[in-house]
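Trainee: Below is the sequence, then the predicted model.
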Amino acid sequence: MNSFNPPIRTLMGPGPSDIHPRVLSAMARPTIGHLDPAFVGMMDEIKVMLKYAFQTENELTMPVSAPGSAGMETCFVNLVEPGDKVIVCINGVFGGRMKENIERFGGIAVVVEDEWGTAVTPAKVEAACAANPDAKIVAFVHAETSTGALSDAKTICEIARKHNCLTIVDAVTSLAGVELRVDAWGIDAIYSGTQKCLSCVPGLSPISFNERALEKVRNRKTKVPSWFMDLNLVMAYWGTGQKRAYHHTAPVNTLYALHESLVMLMEEGLKASWARHAANHQHLKTGIEALGMKFVVPEADRLPQLNSIWIPEGADDAVVRGRLLNEYNLEIGAGLGALAGKVWRIGLMGQSSKPEKVLFCLAALNAVLKN
Ligand SMILES: *Cc1c(COP(=O)(O)O)cnc(C)c1O
């Protein structure tokens, strides 16, 4: 056996995105104990910076020590009790996973369906809330990475609040890539991931819960069925003020990486990051249309950081992606679920959202499609 040296790729798929050398070198710093006062101080700084990224004052704002899917599960396992009715919006793969979570934890899922490639229709959420006055939660995906559609989180949360429902929002791909305001929009529980627009390594899931959501967690009739994700226990580890109690060993070096990527986000500024993602999407759009290709999602609902494009007639999906990888060290994403084999997904997330990378992607795609 030899050491593993990965090839140097440009990552323009649905995540992970390219990682800045500052983040990689932060990760290589010496490991210290996870209860070392120096480490605890860094955890507090991560919480402060995550509050900024989420635009929230929520005390419970922290990274779960596992990927985005674990953040999803943390929200559902803590907030859904057996018999709870949950309205879940499905317009792609990740909404379907939410439904799976609800049912595994004994909830009753009421599905609001929208076509893949379109946003969640707020009027359908309103109708579902009106038809199910006993519903306790509304769950939806802000940025559907499987299709590239952006839903109107602010409006959906307003509707949910009016009907006395808590909201669970998937912001794995939206955080730092498009406008997202947890407090101003009244989002009750939210989860994200580190490997998308934060351009950190995979393996962490930032979450935030407000007081309304925590009230529900504290007043559960039954224990949270997952020990690892039980927020009553996790809070004693990530909490503020109180003495840290051992819960699990935090992924020390991965958290150094998150700390550095959040420092970089603060240096750039959140609004500047949103604007950069929007601008590079426009560059890509101009080039894609010049190549004669078409977007899956109607312009008004398009996510700047995840661009689904119909595979042109005559092009072989796997051959093109294989050639991009082998000849250009460029990764773009394949279609998922109902769109498998039909679309490519070009990610412009975090460090991958740069004008020179857009040009490189367009040039490589053009070269491969032309011969
Ligand atoms: C990537 C993604 C997830 C899952 O995150 P993992 O880190 O892969 O577990 C969940 N929801 C959305 C919208 C995503 O894009």
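Mentor: In hand now; what should we look at?
Trainee: Buried residues of the worst-scoring helix or strand of the chain on mean pLDDT, list them for me.
Mentor: Counting by mean pLDDT, DSSP states H and E, the weakest-scoring helix or strand in the chain turns out to be helix 231-238, with a mean of 87. By neighbour count with 16 or more other CB atoms under 10 Å, helix 231-238 contains the buried residues 231, 234-235, 237-238. From N, CA and C alone the C-beta is placed, and that goes for glycine too.
Trainee: so Val86 touches Val80, yeah?
Mentor: Yes - between Val86 and Val80 a contact is recorded at 6.1 Å, counting by CB atoms under 8 Å.
Trainee: who touches both of the two?
Mentor: 102, 107, 137 (CB atoms under 8 Å, 6 or more residues apart in numbering).
Trainee: Which residue, other than its chain neighbours, is closest to Ala28?
Mentor: Asn253 (7.6 Å; CB to CB, 6 or more residues apart in numbering).
Trainee: which SSE is that neighbour in?
Mentor: Per DSSP states H and E: Asn253 is located in helix 252-268.
Trainee: which other helices and strands contact that helix?
Mentor: Judged by 3 or more CB pairs under 8 Å, 6 or more residues apart in numbering; DSSP states H and E, helix 252-268 is in contact with helix 21-27, helix 37-54.
Trainee: residues making contact with the helix or strand following it?
Mentor: Going down the chain from helix 252-268, the next helix or strand is helix 270-290, by DSSP H and E. With contacts defined as CB under 8 Å, 6+ apart, helix 270-290 is touched by 52-53, 55, 176-179, 197, 265, 268, 294-295, 302-305, 307, 309, 346, 348-349, 353-355, 357-359, 361-362.
Trainee: Repeat that for stretch 362-371.
Mentor: Contacts for stretch 362-371 (CB under 8 Å, 6+ apart): 284, 287-288, 291, 312, 315, 320, 323-324, 327-328, 330, 332.
Trainee: for the record, mean pLDDT for stretch 296-308?
Mentor: The average pLDDT within stretch 296-308 is 98.
Trainee: Going by neighbour count, list what's buried in that stretch.
Mentor: 296-297, 301-308.
Trainee: Which residue does the stretch 101-250 of the chain have closest to the ligand?
Mentor: Using CB to the nearest ligand atom, the closest approach of the stretch 101-250 of the chain to the ligand is made by Thr145 at 3.1 Å.
Trainee: number of nearby residues for the nearest residue to that residue once chain neighbours are set aside?
Mentor: Sequence neighbours aside, Thr173 is the residue nearest to Thr145 in space, at 4.5 Å (criterion: CB to CB, 6+ apart). When counting by other CB atoms under 10 Å, one arrives at 29 neighbours for Thr173.
Trainee: what residue is smack in the middle of this structure?
Mentor: Val172 (0.6 Å; CA atoms, centre = their mean).
Trainee: so the helix holding Asn253 versus helix 37-54, what angle?
Mentor: On the basis of axes from the mean of the first three to the mean of the last three CA atoms, to 10 degrees, helix 252-268 is oriented at 50 degrees to helix 37-54.
Trainee: starting at the chain centroid, how far to helix 252-268?
Mentor: Distance of helix 252-268 from the chain centroid (CA atoms, centre = their mean, to the nearest Å) equals 16 Å.
Trainee: Equivalent analysis for stretch 127-142, please.
Mentor: 22 Å.
Trainee: repeat for stretch 115-124
Mentor: 18 Å.
Trainee: ok, which residues in the protein are in contact with the ligand?
Mentor: The chain comes close to the ligand at residues 15, 67-69, 72, 94, 141, 145, 170, 172-173, 193, 202, as judged by CB under 6 Å from any ligand atom.
Trainee: Export these as CSV, with columns for pLDDT.
Mentor: Shown next, in CSV, are the residues of the chain next to the ligand (pLDDT from 0 to 100):
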residue, pLDDT
Gly15, 97
Pro67, 98
Gly68, 98
Ser69, 98
Met72, 98
Phe94, 98
Val141, 98
Thr145, 98
Asp170, 99
Val172, 98
Thr173, 98
Gly193, 98
Pro202, 98
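Trainee: which of those residues tops the neighbour count?
Mentor: Val141 (32 neighbours).
Trainee: Tell me which residues are up against the host helix or strand of Asn78.
Mentor: When elements are assigned from DSSP H and E, Asn78 belongs to helix 68-79. With CB under 8 Å, 6+ apart as the test, helix 68-79 has contacts from 64, 94, 97-98, 101-102, 105, 107, 137, 139, 166, 168, 170, 172, 189-193, 195-196, 205-207, 209, 213, 216-217, 224-226, 229-231.
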